[in-house]
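Colleague: Sequence plus predicted model, see below.
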Amino acid sequence: MNQLIRCKNCDQVFMKSPFDQYPEYELGLDRPPETFQNTEKDDFQDFLIHHQGHELENLKIIDDSYASEKAYSEPVKTSFFKATNGKEKFVIKKFRERIDEPLKYQLISGDYSLKCVAVEIQSENISKQLERELNPRPSQEKIDAFLKLYGAIAEGVDIKDLERSPEESYHPLEVYHKIDDTRLMFLLRNCRNIFKGQEYLAMEEFIHRHKDDGVLLLKASYKIRITQLAKTRKRATPTPLPFEKEKILGQK
């Protein structure tokens, strides 16, 4: 239901949504607590009036292009995503500085990419899962040796060689990956130096049970890299049509 609109003359963007006409409610200073001041709003019409006579176009958000340095649940943050008009690609900055501010959208010149800065094992989660599933539980010394072994394997991983897991993350810069078969065999082979007999068989089952999801997934952490570019695009020619008649906007 949302619609991203770009002014080609000003390079400003607006996210049209069903909330554009929602009124603002504010508690008056001299009013009882149960009463509120009601302020009517129409942000989309304000945008159209401000850009009257300009050339406007719809942009389509590119799937899986969202990036932010804070968790999805954090309301105050700066995020980036990419959009296209079918010919060009654009980077959109989405942000607000306070919780009581509306979201703002800004077209920025340049691009961004994600750089993998660390690949880690889920040490704490692995330890807890071993305690839940294995009876008797291996000694802490053996668990620490297993974590050290698995951590050393993760350090030498090129994340591009691993399959991304569908496991969801609460943070946009944390992505989970499955360990590949070669490293899996290396892990199992070296586990024989730590665990013996039935204990090894239990660990082998544990590894196979969690290699594709859960605690044995490798967590890759990324960092956003912004590349700023100088603007070279020419300004659009103002459209001779009145803005009320532009069909692509879906306005009244």
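Modeller: Looks like it came in fine.

Colleague: What residues sit buried inside stretch 69-77?
Modeller: residue 77 (16 or more other C-beta atoms under 10 Å). Where you see a C-beta, it was placed from the backbone N, CA and C, and this is true even at glycine.

Colleague: ok, now stretch 85-96?
Modeller: Buried residues in stretch 85-96, counting neighbours by 16+ other C-beta under 10 Å, are found at 90-94.

Colleague: Let me see the residues that make contact with it.
Modeller: Contact with stretch 85-96 is made by 4, 6, 13, 57-62, 75-84, 102-108, 110-112, as judged by C-beta atoms under 8 Å, 6 or more residues apart in numbering.

Colleague: before we move on, back to that, any chance of the buried residues of stretch 85-96 in CSV, plus secondary structure and distance to residue 195?
Modeller: Formatted as CSV, the buried residues of stretch 85-96 follow (DSSP: H, G, I helix; E, B strand; the rest coil; distance: C-beta to C-beta, whole Å):
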residue, secondary structure, distance to residue 195
90, strand, 54
91, strand, 50
92, strand, 51
93, strand, 51
94, strand, 49
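
Colleague: give the contact list for residue 145.
Modeller: Residue 145 touches residue 194, counting by C-beta under 8 Å, 6+ apart.

Colleague: Identify each buried residue in the stretch of helix or strand it belongs to, please.
Modeller: Element membership of residue 145, judged by DSSP states H and E, is helix 140-155. The neighbour-count check on helix 140-155 (16+ other C-beta under 10 Å) flags 142-143, 145-147, 149-150, 153-154 as buried.

Colleague: Following the chain past it, name the next helix or strand.
Modeller: Next along the chain from helix 140-155, counting by DSSP H and E, comes strand 174-177.

Colleague: my read: residue 222 touches residue 114, true?
Modeller: Yes. Residue 222 is within contact range of residue 114, at 4.3 Å (criterion: C-beta atoms under 8 Å).

Colleague: Please enumerate the shared neighbours of the two.
Modeller: Overlap between the contact sets of residue 222 and residue 114, as judged by C-beta under 8 Å, 6+ apart, is given by residue 173.

Colleague: more crowded one of these two?
Modeller: residue 222 (19 against 14; other C-beta atoms under 10 Å).

Colleague: For the nearest residue to residue 175 once chain neighbours are set aside, grab phi and psi.
Modeller: Among residues not flanking residue 175 along the chain, residue 220 sits closest, at 5.0 Å (C-beta to C-beta, 6 or more residues apart in numbering). When quoted as degrees, to the nearest 10, the phi and psi of residue 220 stand at phi -100, psi 130.

Colleague: Quick check: bridge partners of residue 220?
Modeller: For residue 220, the beta-bridge assignment (DSSP bridges) gives partners residue 119, residue 175.

Colleague: give the contact list for it.
Modeller: Shown in contact with residue 220 (C-beta under 8 Å, 6+ apart): 116, 118-119, 159, 174-177.

Colleague: Residue ranges of each domain in this structure, please.
Modeller: 3-109+229-249, 116-223 (automatic domain parsing).

Colleague: coming back round to it: return the helix holding residue 145 as CSV; C-alpha atoms alone will do.
Modeller: The C-alpha coordinates for helix 140-155 follow below in CSV (Å, rounded to 0.1, in the frame of the first residue of the first chain):
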residue,chain,number,x,y,z
GLN,A,140,33.3,-28.2,30.7
GLU,A,141,36.9,-28.9,29.7
LYS,A,142,35.7,-30.9,26.7
ILE,A,143,33.0,-28.4,25.8
ASP,A,144,35.6,-25.6,25.8
ALA,A,145,37.9,-27.7,23.6
PHE,A,146,35.0,-28.2,21.1
LEU,A,147,34.2,-24.5,21.1
LYS,A,148,37.9,-23.7,20.5
LEU,A,149,38.0,-26.2,17.6
TYR,A,150,34.8,-24.9,16.0
GLY,A,151,36.0,-21.3,16.5
ALA,A,152,39.3,-22.0,14.7
ILE,A,153,37.3,-23.5,11.8
ALA,A,154,35.1,-20.4,11.6
GLU,A,155,38.1,-18.0,11.6
